[in-house]
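K.L.:
My questions concern the predicted model and sequence given below.
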Amino acid sequence: TGSKNVGDQVNYEITGIDPGAGLMKATEKAMKDYGLKNDWTLKEGSSAAMTAELKKAYERKEPIIVTGWTPHWMFSKYDLKYLKDPKGSYGKGESIHTLTRKGFKQDNPGANQILDQFYWKPADMENVMVKVQDGAKPADAAADWVKSHKKQVAKWTKGAQKGNGKQVSLVYVAWESEIASTNVIAKVLEQEGYTVKLQQVEAGPMFAGVAGGSADAMVAAWLPTTHKDYYDKYKGKFEDLGPNLEGTKLGLTVPKYMNIDSIEDLKK
Ligand SMILES: C[SH](C)CC(=O)O
């Protein structure tokens with residue numbers, strides 16, 4: 001309904017995800033930068049709740065503004081756009097890094113090498129995410145992807161010693177992107193003979209687990225900006241093996257049927 005302004009159309013609400021996500025911090029910053037704090041609220045919840053609300057609104061062609069990120073299946077399933085961010089509140093494109101606890105390389109060189117060699121593209125991750133969104137169990141979607149990408153997986157396992165049942169514990173947050181990546185690398189480690197324990201936690205405990213050594217690794221560190229606070233807080237207490245995926249993006253995301261194009265358009 002073009003008559004009402006977009007704020008009235010969505011009750012001045014941005015549908016967010018879990019409060020510990022860096023995306024939520026970046027959105028708080030954007031709301032300050034664009035002078036939205038007095039009128040708008042950022043609704044906390046979870047990634048799954050946000051995508052459920054997006055689905056409901058989209059099917060009804062109703063207005064909705066969500067905190068979005070790439071890679072995500074939502075961009076292949078729905079016709080969405082990022083609102084322009086002329087003030088650069090969301091920073092530039094980033095990478096997702098693999099972090100391990102101190103000493104992991106010495107304790108488990110084979111698994112460390114596989115985690116170090118793990119690298120794939122946004123399209124690969126989205127491929128797994130879409131399968132999960134279409135109803136596949138994450139472990140099954142991961143197994144399918146691994147089975148149909150033998151050459152790529154061989155690069156990850158090249159030169160790494162077999163696991164012989166050795167345990168590897170991975171922590172991750174229930175973001176669709178990290179559910180995909182963590183299950184894929186777990187499947188590859190299992191294929192190489194490692195026993196993998198997956199633990200789903202909130203963002204803070206994920207970093208604390210690796211930094212404290214109660215978890216071996218994560219493939220979910222969005223850097224340099226999104227997880228900067230966590231990274232700085234635990235600096236020196238983990239090993240950063242570098243990116244496992246490059247070319248991510250964060251921002252306010254809306255269905256293309258909405259006639260707004262920039263975060264500036266949210267101002268009253
Ligand atoms: C939601 S993105 C996958 C990560 C983050 O914002 O912390």
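P.N.:
Thanks, I have the structure now. Numbers count the residues shown, from 1 in each chain.
K.L.:
going forward, measure contacts between C-alpha atoms and count neighbours the same way
P.N.:
OK.
K.L.:
what's stretch 174-181 in contact with?
P.N.:
47-48, 71-72, 125-126, 128-129, 138, 142, 172-173, 200-202, 219-220 (C-alpha atoms under 8 Å, 6 or more residues apart in numbering).
K.L.:
brain fart, stretch 124-133
P.N.:
71, 72, 73, 138, 141, 142, 145, 176, 177, 180, 181.
K.L.:
and whichever residue of the stretch 51-200 of the chain sits closest to the ligand, how many neighbours?
P.N.:
Closest residue of the stretch 51-200 of the chain to the ligand, C-alpha to the nearest ligand atom: residue 175 (5.3 Å). By the criterion of other C-alpha atoms under 10 Å, residue 175 has 19 neighbours.
K.L.:
quick one, phi/psi of it?
P.N.:
Reported as degrees, to the nearest 10, the phi and psi values for residue 175 are phi -90, psi 140.
K.L.:
Quickly list what residue 199 is bridged to.
P.N.:
Beta-bridge pairing for residue 199 (DSSP bridges): residue 171.
K.L.:
Nearest residue to residue 230 in space, please, no chain neighbours.
P.N.:
residue 207 (6.6 Å; C-alpha to C-alpha, 6 or more residues apart in numbering).
K.L.:
Contacts only, for that neighbour.
P.N.:
230, 231, 234.
K.L.:
Helix or strand: which one has the second one?
P.N.:
Meaning residue 231. helix 228-233 (DSSP states H and E).
K.L.:
which strands and helices sit next to that helix?
P.N.:
helix 203-212 (3 or more C-alpha pairs under 8 Å, 6 or more residues apart in numbering; DSSP states H and E).
K.L.:
CA atoms only for the helix or strand encompassing residue 254, dumped as PDB, please.
P.N.:
According to DSSP H and E, residue 254 maps onto strand 238-255. Output in PDB follows, covering the C-alpha atoms of strand 238-255 (Å, rounded to 0.1, in the frame of the first residue of the first chain):
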ATOM      1  CA  PHE A 238      42.800 -19.300  19.400                       C
ATOM      2  CA  GLU A 239      44.500 -20.000  16.100                       C
ATOM      3  CA  ASP A 240      43.000 -18.300  13.000                       C
ATOM      4  CA  LEU A 241      43.400 -20.700  10.000                       C
ATOM      5  CA  GLY A 242      42.000 -18.000   7.600                       C
ATOM      6  CA  PRO A 243      39.000 -17.900   5.400                       C
ATOM      7  CA  ASN A 244      36.900 -21.000   4.500                       C
ATOM      8  CA  LEU A 245      34.600 -18.800   2.400                       C
ATOM      9  CA  GLU A 246      35.000 -15.300   0.900                       C
ATOM     10  CA  GLY A 247      32.500 -12.800  -0.400                       C
ATOM     11  CA  THR A 248      29.900 -12.500   2.300                       C
ATOM     12  CA  LYS A 249      27.500  -9.600   2.800                       C
ATOM     13  CA  LEU A 250      25.200  -8.300   5.600                       C
ATOM     14  CA  GLY A 251      22.400  -5.700   5.400                       C
ATOM     15  CA  LEU A 252      18.800  -4.800   5.700                       C
ATOM     16  CA  THR A 253      16.900  -7.000   3.200                       C
ATOM     17  CA  VAL A 254      13.400  -6.500   1.800                       C
ATOM     18  CA  PRO A 255      11.200  -8.200  -0.900                       C
END
